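*Asks:* Just a sequence and a predicted model for now, questions to come.
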Amino acid sequence: MDSTTGIILAISLIIIMFGMGLSLTLGDFKRVFVFPKAIIIGLCCQIIILPLIGYTIATSLQLSPTIAIGVMLLAACPGGPTSNMLTFLAKGDLALSVSLTAVASVLTIFTIPLIVQFAVHEFSNQSQVVNVDALTMIKQLTIIVLIPVTVGMWVKHKFDKFASRMEKPVKVASAIIFILVVIGITYSIRAVFMSYLREAGLPAIILNICTMTIGFLLAVLFKLNRKQAISISIETGIQNGTLAITLATIALNNAEFSIVPAVYGLLMYVSATVIILTRKSLGVKQ
């Protein structure tokens, strides 16, 4: 991978995560103890059930090593920074969504290296040797996720009016950055992209539909209200595709692993839009 590409990706993700920090407060983390049931169910969906679904899809469809590892890498990532905006538009529980994004982003710094190590060991073949240094990946995640989020939270604490003004523009910029990242990655691996696209499309669709459906049903099963169920569904199904792409190119040094996250990152907005339009058609109020 070109080192310049890696630097651009890292900077892009740092900007996105800083923007996410602008919308967070310590209260979002404290909410774990105030409303534990909804938070625990949401985290279980993201950190346990999502990777299990990814593994089931990868093995059931007998995917190639490249696509299988891409699926697992994506499934290991937390909810995307735009999930809060989509939850708001879908009239879900925004406070729950923000809290889940905050807590999952911290926890997955430690779970992502473990899941990726497992996936590489499970799916890579002899001609495709990939080394995963868990400690190095934790350090990378700390630099591109934890530190920018913490700085963003500090800015919000010290300069709340500025953070409030910047929150929406930064979220819009995050979506634009993601699209540009997808275009850039697609161009950089254009020689193999089309050959993998057919194989990547189906698992991406199945992963998206299954995660959002299971997240919603589990919330209903445990008697959470409808707004909380919508939030958990979106948080489970809207993954941080930019993070997955960045890790594929920087930590794993293989941009081909980013094909699934790139495809998924575009498809997930379709399912989220369906939820938003359905909620609006039913006349659901905030």
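*Replies:* Okay, I see it. If you're wondering where the values come from, they're calculated on a predicted model, not measured in any experiment. Numbers count the residues shown, from 1 in each chain.
*Asks:* got any ranges where this structure has weak pLDDT?
*Replies:* By pLDDT under 70, the weakly predicted segments of the chain are 1-6, 80-81, 125-134, 178, 188-189, 193, 282-286.
*Asks:* what separates the longest helix along it from the chain centre, distance-wise?
*Replies:* In the chain, assigned by DSSP state H, the helix with the most residues is helix 190-221. Helix 190-221 sits 13 Å away from the centroid of its parent chain (C-alpha atoms, centre = their mean, to the nearest Å).
*Asks:* helices and strands around it, which ones?
*Replies:* Packing partners of helix 190-221 (3 or more C-beta pairs under 8 Å, 6 or more residues apart in numbering; DSSP states H and E): helix 36-44, helix 50-60, helix 65-76, helix 226-237, helix 259-281. In short, each C-beta sits where N, CA and C put it, glycine included.
*Asks:* Okay, angle between that helix and helix 65-76 too, please.
*Replies:* Going by axes from the mean of the first three to the mean of the last three C-alpha atoms, to 10 degrees, helix 190-221 is angled at 40 degrees with respect to helix 65-76.
*Asks:* residues of helix 190-221 that come out buried?
*Replies:* 193, 196, 199-201, 203-208, 210-212, 214-216, 218-219 (16 or more other C-beta atoms under 10 Å).
*Asks:* Would you mark the buried spots in stretch 38-48?
*Replies:* 38, 39, 41, 42, 43, 45, 46, 47.
*Asks:* Please enumerate the helices of the stretch 51-200 of the chain.
*Replies:* Using DSSP state H, counting those that start in this stretch, the helices found in the stretch 51-200 of the chain span residues 65-76, 83-89, 94-123, 134-141, 147-158, 160-188, 190-221.
*Asks:* ok, of the buried residues of stretch 38-48, which one's closest to residue 110?
*Replies:* Of all those, residue 110 sits closest to residue 47, with 9.9 Å by C-beta to C-beta.
*Asks:* Confirm that that closest one sits in a helix.
*Replies:* Yes: assessed with DSSP: H, G, I helix; E, B strand; the rest coil, residue 47 lies in a helix.
*Asks:* Can you lay out the helices and strands packed on helix 190-221 as TSV showing distance to residue 180?
*Replies:* Formatted as TSV, the helices and strands packed on helix 190-221 follow (distance: least, C-beta to C-beta, whole Å):
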stretch	distance to residue 180
helix 36-44	30
helix 50-60	26
helix 65-76	19
helix 226-237	23
helix 259-281	12
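*Asks:* And those: which comes nearest residue 91?
*Replies:* Comparing these by C-beta to C-beta, helix 259-281 comes nearest, at 5.2 Å.
*Asks:* contacting residues for residue 276?
*Replies:* Residue 276 is in contact with 86, 89, 90, counting by C-beta atoms under 8 Å, 6 or more residues apart in numbering.
*Asks:* Return the closest of these with respect to residue 258.
*Replies:* residue 86 (21.9 Å).
*Asks:* what separates the closest one from residue 137, distance-wise?
*Replies:* Residue 86 is 28 Å from residue 137, where distance means C-beta to C-beta, to the nearest Å.
*Asks:* More neighbours: those two, which one.
*Replies:* residue 86 (25 against 21; other C-beta atoms under 10 Å).
*Asks:* Report the spatially nearest residue to that one, omitting neighbours in sequence.
*Replies:* In space, and not counting its chain neighbours, residue 86 is closest to residue 272: 4.6 Å by C-beta to C-beta, 6 or more residues apart in numbering.
*Asks:* how about the contacts of residue 276 in JSON lines, adding distance to residue 70?
*Replies:* Shown next, in JSON lines, are these (distance: C-beta to C-beta, whole Å):
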{"residue": "86", "distance to residue 70": "23"}
{"residue": "89", "distance to residue 70": "28"}
{"residue": "90", "distance to residue 70": "27"}
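*Asks:* Quick check: of the residues you listed, which lies closest to residue 56?
*Replies:* Out of the contacts of residue 276, the member with the shortest distance to residue 56 (by C-beta to C-beta) is residue 86, at 25.2 Å.
*Asks:* And that closest one, how close does it get to residue 40?
*Replies:* 22 Å.
*Asks:* coming back round to it: looking at the buried residues of stretch 38-48, which one is closest to residue 18?
*Replies:* Distances from residue 18 to the buried residues of stretch 38-48, taken by C-beta to C-beta, are shortest for residue 46, at 21.6 Å.
*Asks:* Thanks again, I'm all set now.
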